[in-house]
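1. Below is the sequence, then the predicted model.
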Amino acid sequence: MLPWRRLLRPLAVLVLTAAALAAPSGTAQADTAPSSGWNDFSCKPSAAHPRPVVLVHGTLGNSVDNWLGFAPYLVHRGYCVFSLDYGQLPGVPFFHGLGPVDKSAEQLSAYVDRVLGATGARKADIVGHSQGGMMPNYYLKFLGGADKVNALVGLAPDNHGTTLSGLTKLLPYFPGAEDLISTKTPALADQIAGSPFLAKLNAPGDTVPGVRYTVIATKYDQVVTPYGSGFLQGGGSQVRNVVLQDLCPLDFSEHLTIALTDRIAWHEALNALDPANAEPTTCASVFD
């Protein structure tokens, strides 16, 4: 194992453990996120950024810790930013995204309605990590979300599933998760390649008209395997599939760090949210 790979796991554990200690007791909720304009329901989108951005965490994540870096990154650039908790299991605090994915999509639907109602915007943009990049597709296809969403950006999404071994590799990164989580975790089963859920999700095709899709993947993804299973197929310029290492060969981010700390991935996500003002993403984007 390369030295940088040995460093990533303890770093991720340190970040997530610190976040867990800082979070309020009990289940983390979106409205308790850090108050730097994030989850501010009085925020009104500007002419430059007319759509609110809804952030959707991944499996075992929550609305706060998954976005401690990226949410302020967007707020600093003038966006109205919101995040939700979804897929909670009874008796399992803090670790979310474990319930049936179709039911989680219903939670997303209600949350987007709340955000649009508060901001007065006609449509929102969604950025999701891992399951949070895949699950919104169900909302778009089956719950009327295509009329309310302009763009979906996935950071290491598992749009076509992964292996069970890939999903269980997440557990060591979340101290205490293995002790809390039993085999009754519908979201894990739903995300296995070839599952009935994924067959239903992708049967109509990968995309729906009217929504712009961007997938940002990393070659070093150890959870979504192969990493190309996150890619989407769509007509024309509706879909853009990006490999981080094509933008910066020195980017060694894996499944968790692509959302937690990778400013190169964040810069490319920013381009997807505002393509009219996009700037090339390079290794130097870590300084933007």
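-> The structure has been received and is ready for your questions. Numbers count the residues shown, from 1 in each chain.
2. and residue 111, what does it touch?
-> Listed by C-beta atoms under 8 Å, 6 or more residues apart in numbering, the contact partners of residue 111 are 30, 54, 82, 84, 86. To be clear about C-beta, it is placed using only N, CA and C from the backbone, and glycine gets the same treatment.
3. Pull the number of nearby residues for the fourth one.
-> Yep, that's residue 84 we're talking about. Residue 84 has 24 neighbouring residues, counting by other C-beta atoms under 10 Å.
4. in terms of contact, does it touch residue 61 like I think?
-> No - the pair residue 84 / residue 61 is not scored as a contact, 11.1 Å apart, by C-beta atoms under 8 Å.
5. which one is residue 154 nearest to, not counting chain neighbours?
-> Ranked by C-beta to C-beta, 6 or more residues apart in numbering and with sequence neighbours excluded, the top spatial neighbour of residue 154 is residue 133, at 2.7 Å.
6. Mind pulling up the pLDDT for the one you found?
-> Taken from the predicted model, the pLDDT recorded for residue 133 is 98.
7. Check residue 267 too.
-> Residue 267 carries a pLDDT value of 98.
8. Ok, the one 3 residues further on next?
-> On the pLDDT scale, residue 270 is placed at 98.
9. And residue 166, by the same measure?
-> 78.
10. residues contacting it?
-> Residue 166 sits next to 222-225 when contact means C-beta under 8 Å, 6+ apart.
11. Equivalent analysis for residue 122, please.
-> So residue 122 contacts 116, 148 (C-beta under 8 Å, 6+ apart).
12. Residue 253 versus that one, what's the distance?
-> Distance, residue 122 to residue 253, by C-beta to C-beta, to the nearest Å: 34 Å.
13. just to revisit the earlier point, out of the contacts of residue 166, give me the two with the largest separation.
-> Checked with C-beta to C-beta, the contacts of residue 166 reach their widest spread between 222 and 224, with 8.5 Å between them.
14. For those two, list the residues in contact with both.
-> In the contact map built from C-beta under 8 Å, 6+ apart, the residues linked to both residue 222 and residue 224 are 166, 255.
15. Between these two, tell me which one has more neighbours.
-> Between residue 222 and residue 224, counting by other C-beta under 10 Å, residue 224 is the more crowded of the two (29 against 18).
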